[in-house]
Every structure is written in structure tokens, then in C-alpha cells.
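S.K.: Let's see this in three dimensions:
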Amino acid sequence: MVKVMATGVFDIMHIGHLHFLEAARALGDELVVVVASDATVRRRKHVPINDANTRAMMVAGLKPVTRAVVGGEGDPLDIVEAEKPDIIVIGYDQDFDEKELEKKLAERGLKTNIRRTGHFDSDLDGTRKIIRSIGIRLAQGEMYNGEDSKEDEN
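M.R.: Have a look, this model is predicted:
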């Protein structure tokens with residue numbers, strides 16, 4: 001049984017996330033996804049739109065995913081040590097040095113293979129692209145042209 005681990009924020013789900021997780025799952029029998037905690041997202045990227053538990057529930061519902069867990073606040077390698085994956089898959093845009101990560105894991109007695117996925121290009125394959133597109137469409141009056149419903153106000 002080959003256990004694969006993938007990590008990410010997964011704040012606004014998009015096709016790039018699905019391609020990443022499908023590629024990760026293809027490398028093994030089970031895929032555990034570590035969803036970044038809210039504090040980690042704030043520190044490394046932005047204020048999350050969805051909280052970590054919501055993001056983990058969304059990721060867990062995807063077909064390639066066996067299980068999703070929220071990452072911790074301490075040493076990010078603690079969860080790797082607890083899960084003991086055979087392979088960790090890193091996205092093309094994730095800021096990790098594969099060799100350095102393998103070295104740190106080996107120091108902990110883990111023989112984990114690190115793999116980086118390729119880029120899966122599409123018009124809206126990234127969170128920033130989606131946010132930019134929404135901003136443009138709102139500014140041009142192309143979204144929500146009808147009367148706002150009570151639901152939209154919340």
C-alpha cells in the first residue's frame with residue numbers, strides 16, 4: 001500500500017487543484033491531503049476566505065482524496081512524521097526545495113520520496129486568476145446584474 005501526501009491551501013477550489021490531486025493520487029493507493037491552517041495561510045499568503053475546516057471538508061469530498069486533515073501550527077514536518085507517507089507530492093508553484101525536504105525527512109528517519117507535479121494550464125487554474133477575473137467582471141457589471149437577493153447580502 002503506497003501512501004501519498006499532498007499539501008496546500010485550497011481556499012477557492014479550481015481545476016488546477018483537481019489536476020494536482022489527481023496527479024498525486026495516481027502515484028499511490030491512498031492520498032492524504034494536508035490543508036494549511038488558517039494561521040499558516042495568513043502568514044504565508046493572505047487572509048483565507050474559507051476557514052480551514054471548511055476547506056478540509058471540500059478537499060475530502062474530491063474523488064482522488066482518501067482523507068484530508070488540517071495542518072498544525074508548529075513544525076510542519078510533525079504531520080509528515082505522524083502520517084509516514086511514502087511519497088509527498090509538491091505542486092509546480094509550491095515553495096519547497098525537494099532535496100532539502102528529503103534531507104530533513106531523512107534526519108527524522110523517514111524515507112519519503114518527493115515528487116513535483118507539472119503545471120496544468122487553463123484559463124482559471126489559480127486562485128489569483130479567479131479573484132482577478134471576478135474583480136474585472138464585477139467592475140464591468142458582468143456579474144450579478146439582476147436585483148440582489150437577500151441571500152447575496154450575507
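S.K.: count of neighbours near T117?
M.R.: 21 (other C-beta atoms under 10 Å). All C-beta atoms are positioned from the backbone trio N, CA, C, and that covers glycine.
S.K.: Pretty sure it sits against R25.
M.R.: No - using C-beta atoms under 8 Å, T117 is not in contact with R25; the gap is 11.3 Å.
S.K.: tell me which residues of stretch 20-32 are tucked away?
M.R.: F20, L21, E22, A23, A24, R25, L27, G28, L31, V32 (16 or more other C-beta atoms under 10 Å).
S.K.: residues in contact with it?
M.R.: By C-beta atoms under 8 Å, 6 or more residues apart in numbering, the residues outside stretch 20-32 that reach it are 1-6, 8, 33, 59, 62, 64-69, 83, 85-87, 89, 91, 115, 117-118, 120.
S.K.: Show me where the protein dips below the pLDDT cut-off.
M.R.: 120-126, 144-154 (pLDDT under 70).
S.K.: Recalculate using a threshold of 50.
M.R.: The model of the chain has pLDDT under 50 over residues 124, 149.
S.K.: Can I have the buried ones of the contacts of stretch 20-32 as a PyMOL selection?
M.R.: Filtering the contacts of stretch 20-32 down to the buried ones (16+ other C-beta under 10 Å) takes a single PyMOL command:
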select buried, resi 3+4+5+6+8+33+59+62+64+65+68+69+83+85+86+87+89+91+117+120
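S.K.: among the contacts of stretch 20-32, which are in helices?
M.R.: Among the contacts of stretch 20-32, DSSP state H puts V59, E83 in helices.
S.K.: Tell me which of the contacts of stretch 20-32 fall in strands.
M.R.: K3, V4, M5, A6, G8, V33, R67, A68, V69, I87, V89, R115 (DSSP state E).
S.K.: give me every residue that touches the third one.
M.R.: Going back to what we said before, that points to M5. Contacts of M5 (C-beta under 8 Å, 6+ apart): L31, V32, V33, V34, V80, E83, P85, I87, I88, V89.
S.K.: quick check, nearest of the residues you listed to L138?
M.R.: Comparing the contacts of M5 against L138 with C-beta to C-beta places V33 closest, at 31.0 Å.
S.K.: Please consider this matter closed, and thank you.
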